[in-house]
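Q: give the three-dimensional model of this entry:
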Amino acid sequence: MKRLRGEKGSALVMVMFMMLILTLLGVAVLSAAVGGARRTLTRENDIQSLQLTQKTLDESVAYIAANLEGQQVKADRLKTTLDSVVAGIPAKQPDSDGGVKTDLALASGRLVDASVSADFKATDPIKGNSSYTVTLVAEADVNGVKRTMQQKVRVSLYPDFLNYAFGSEEDLILNGSPYIKGNIYAGRSLRVSNMANYAYNGNSGLRQASLFPKMAEREDKSPPLAFVQSLDQFILSENNYPARSVNRGAAGEALSGELIKANVLKGLGIDLSQVRIRKNEQFIQINVDRSFREKLAGALKVDESALPQAAGLNDYLNGYDGALKMPEKPVEPVQPEPPSSDATQEELDQYDKEYGQYKKDLAQYEQDYLDYQAALTKLSDTLSAMNGTVVFNGNLNVDGKWLRDLIQTGKSTKAGGYDTAWLVVNGDLTVANTVDDSELRLYSNILVTGSVNLASRINVDSTLFALGGTTIQDATITGAADGGGSDKEIVLISKGSILLNRVDAFKPNNEARTLRGFFYTDATAELYGVGSNFDLRGGFFAKGNLTVNAVVGDSVEAPSRQHIVFDDQTGTKTSRFKVNYNDEVFEHQGLALPRVDRVSVKAEKIELAPASAD
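A: Next up is the predicted model:
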């Protein structure tokens, strides 16, 4: 009984203890619920502030584009015009009517900064600067949650072809499996197929089923975009079946959004949102003849109106005072045949006379040859260290023997390549090492009135215009170091066609040679990554149709030499034609690039704004 009396009151303690536990649990659950609600609200505010910031930037970019893109502005007025447009951006105005409108009571978005900076460290003394970057910084506040983002917009007077990995002002035709890191443009129709065409040893019309083209994001994670005239002009063909637009069925009826999305994913490996409509009226073209004459006028420091049209430039440059040319190689005299054993005295006397003259001619030849070698050395030294514009009349051959380099002093070190000095070749230019496998150097801006031939290993930092055609055969084109951890390139603009031929033919896919450059032709172009193996760091653009054929994996010549034998065409293999767009070309080549008088506006990706110094 005593033991039971000692337990009196224990039930009350137990009840109170359980009530305490339940109270604590209730408070914890309530706190978690309240905290979760607060976090949800904060997250909603954060998302809304992000969207409002992006909207502010989008409207600001749209305002700049609406007031500048496609407008005719001279380079010396571009900065003034741009400053005026930036000052008038509605989202930048501090009054109550400014900023981005929103239905949220405690929300606001505005542009807090819009700075304009020149892209290059110097200005062309004649034309002014042709490229500026507008840095937009926007801020949004939703219920006390702030978000600050920035976006850069390049406003330039450069032609549009420099903005694309592949493009054509007419039809862009992608057959098989080219691998594309960057944007593409089709000025008429975009045609994709999984069948690569090729010709071999005189046999044309050969085909190989492969994968579809694949577009992928670049190293900066920017999504690749396909610019087309309309979805009706985006044509898809699979396994030789009749081609049809991605938004039309076999009977021509409009497809559902999901089917259109599936067709775009199949044809290019991208989402439908990455297909953009850009009418060809907005495309800013390059006029090669006009650009050539503009650069020549600046190089020679004459008024462009003083230059003849392209057909008369050869004669004009032939009469240019101070032009260089190849020294004339002396002809070695031929030793006279000795007389026969039964020669007459008259014949002996004639031989003695001819031999005496030969000895005199030989002595003169030896002196002339020494003078010729000295002239070659002097010419080589001049072309390897050009301090200004140099005009060369005749065909120029950089062969690794007497001449290894074409270098303008400071070209590979000056930021932007803004020097107005050019090498003018009034003839054909050939760069091909015939001595060994060492690199030749091309660090010069070059104008060529004839054709261009590139082969062997070449290290480049150059903008080159050619009024003729261009052949690139078995060439490795690498870029000079820019001092900032990247490599430069060649921008080759050809009035005639460009032939890329037998680049690493039949080599394993992991041994592709590098072609670092941007190539433009006023003609049509056909590129083959079938037997050849391309690794293009830059872009290729044609005024006419551009056709790209590619397969994946290795390829070898068939024993019959009538066709090519290919690896299995599976997704685990890499393409034999890879292109990776490089937007550093604007900084590297600067004002040597061709310019136009219509403004191009290119917005870059939106990023978090850096923290302020204070």
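Q: identify the residues contacting residue 295.
A: 422, 445, 447, 465, 592, 594 (C-beta atoms under 8 Å, 6 or more residues apart in numbering). C-betas here are computed from N, CA, C, even on glycine.
Q: go again using 7 Å as the cut-off
A: Residue 295 makes contacts with 422, 447, 465, as judged by C-beta atoms under 7 Å, 6 or more residues apart in numbering.
Q: ok, residue 198 next?
A: Remark: with contacts taken as C-beta under 7 Å, 6+ apart, residue 198 is in contact with 206, 528, 530, 549.
Q: doesn't the second one fall inside a strand?
A: Yes: Residue 528: assigned to a strand according to DSSP: H, G, I helix; E, B strand; the rest coil.
Q: that one: neighbour count?
A: Neighbours of residue 528 under the rule other C-beta atoms under 10 Å: 26.
Q: try residue 585
A: A total of 23 residues lie near residue 585 under the criterion other C-beta under 10 Å.
Q: and the residue sitting nearest the centre point of the chain, how far is that from residue 150?
A: In the chain, the centroid-proximal residue (C-alpha atoms, centre = their mean) is residue 538; its distance is 3.3 Å. Residue 538 is 27 Å from residue 150, where distance means C-beta to C-beta, to the nearest Å.
Q: now do residue 422
A: Here the criterion is C-beta to C-beta. By it, residue 422 lies 37 Å from residue 150.
Q: max-length helix in the chain?
A: Criterion DSSP state H: the longest helix present in the chain is helix 10-68.
Q: what helices or strands is that one leaning on?
A: Taking 3 or more C-beta pairs under 7 Å, 6 or more residues apart in numbering; DSSP states H and E as contact, the helices and strands that helix 10-68 lies on are helix 75-87, strand 107-118, strand 131-142, strand 145-156, strand 600-608.
Q: picking that back up, neighbour-wise, which of residue 422 and residue 150 wins?
A: Neighbour tally, residue 422 and residue 150, criterion other C-beta under 10 Å: the higher count belongs to residue 422, 25 against 18.
Q: wait, the more buried one sits on residue 462?
A: No: using C-beta atoms under 7 Å as the test, residue 422 is too far from residue 462 to be in contact (10.4 Å).
Q: which neighbours do the two share?
A: What both residue 422 and residue 462 touch, as defined by C-beta under 7 Å, 6+ apart, is the set 445, 446.
Q: before we move on, back to that, the inter-axis angle of the longest helix of the chain versus strand 107-118?
A: Going by axes from the mean of the first three to the mean of the last three C-alpha atoms, to 10 degrees, helix 10-68 is angled at 40 degrees with respect to strand 107-118.
Q: hey, where'd the helices end up in the chain?
A: According to DSSP H, the chain carries its helices in the segments 2-5, 10-68, 75-87, 257-268, 288-300, 313-318, 345-383, 585-589.
Q: and the fifth one, what's buried?
A: Spelled out, that is helix 288-300. Buried residues in helix 288-300, defined by neighbour count with 16 or more other C-beta atoms under 10 Å: 288, 291, 292, 293, 294, 295, 296, 297, 298, 299, 300.
Q: what sits against the residue lying closest to the fifth one once chain neighbours are set aside?
A: By the measure of C-beta to C-beta, 6 or more residues apart in numbering, the closest residue to residue 294 outside its immediate chain neighbours is residue 304, 6.0 Å from it. With contacts taken as C-beta under 7 Å, 6+ apart, residue 304 has the following neighbours: 293, 294, 297.
Q: what does residue 227 give?
A: If you count contacts by C-beta under 7 Å, 6+ apart, then residue 227 has 183, 184, 185, 276, 278 around it.
Q: now these in JSON lines, with pLDDT?
A: As requested, the contacts of residue 227 are exported to JSON lines (pLDDT from 0 to 100):
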{"residue": "183", "pLDDT": "97"}
{"residue": "184", "pLDDT": "98"}
{"residue": "185", "pLDDT": "98"}
{"residue": "276", "pLDDT": "94"}
{"residue": "278", "pLDDT": "92"}
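Q: most neighbours, which of the residues you listed?
A: Going through these with other C-beta under 10 Å as the criterion, the one with the most neighbours is residue 184, at 28 neighbours.
Q: so that residue touches residue 166, yeah?
A: Yes: with contact defined as C-beta under 7 Å, residue 184 counts as touching residue 166 (4.7 Å).
Q: mind listing what's buried along stretch 195-209?
A: If you call a residue buried by 16+ other C-beta under 10 Å, then stretch 195-209 has these buried ones: 195, 196, 197, 198, 200, 208.
Q: now flag whichever of those residues is closest to residue 137.
A: The shortest separation between residue 137 and any of these is 46.9 Å, and it belongs to residue 196 (by C-beta to C-beta).
Q: on that earlier part again, the residue nearest to the centre of the chain: what's it in contact with?
A: Residues in contact with residue 538 (C-beta under 7 Å, 6+ apart) are 489, 516, 517, 518, 582, 585.
Q: show me the shaky parts of the stretch 351-500 of the chain.
A: Counting by pLDDT under 70, the low-confidence segments of the stretch 351-500 of the chain come to 410, 412-419.
Q: sketch out the strands for it, chain order is fine.
A: Residue ranges of the strands in the stretch 351-500 of the chain, as given by DSSP state E, counting those that start in this stretch, are 390-393, 396-398, 405-407, 423-426, 429-431, 440-443, 446-448, 452-460, 462-466, 470-479, 490-494, 498-501.
Q: closest to residue 54 out of these?
A: Set against residue 54 and scored by C-beta to C-beta, the strands of the stretch 351-500 of the chain come closest in strand 490-494, at 33.6 Å.
Q: mind listing what's buried along that closest one?
A: For strand 490-494, using 16+ other C-beta under 10 Å, the buried residues are 490, 491, 492, 493, 494.
Q: can you pull the contacts of the residue lying closest to the last one once chain neighbours are set aside?
A: So that's residue 494. For residue 494, the nearest residue in space outside its immediate sequence neighbours is residue 470; the separation is 4.3 Å by C-beta to C-beta, 6+ apart. Taking C-beta under 7 Å, 6+ apart, we find residue 470 in contact with 451, 452, 492, 494, 496, 498.
Q: and residue 470, how far from residue 29?
A: Spatial separation of residue 470 from residue 29 under the definition C-beta to C-beta is 75 Å.
Q: just confirm residue 486 contacts residue 583, I think it does.
A: No: Residue 486 sits out of contact with residue 583 when judged by C-beta under 7 Å, with a separation of 10.9 Å.
Q: higher neighbour count, these two?
A: For the pair residue 486 and residue 583, the greater number of neighbours falls to residue 583 (17 against 13), based on other C-beta under 10 Å.
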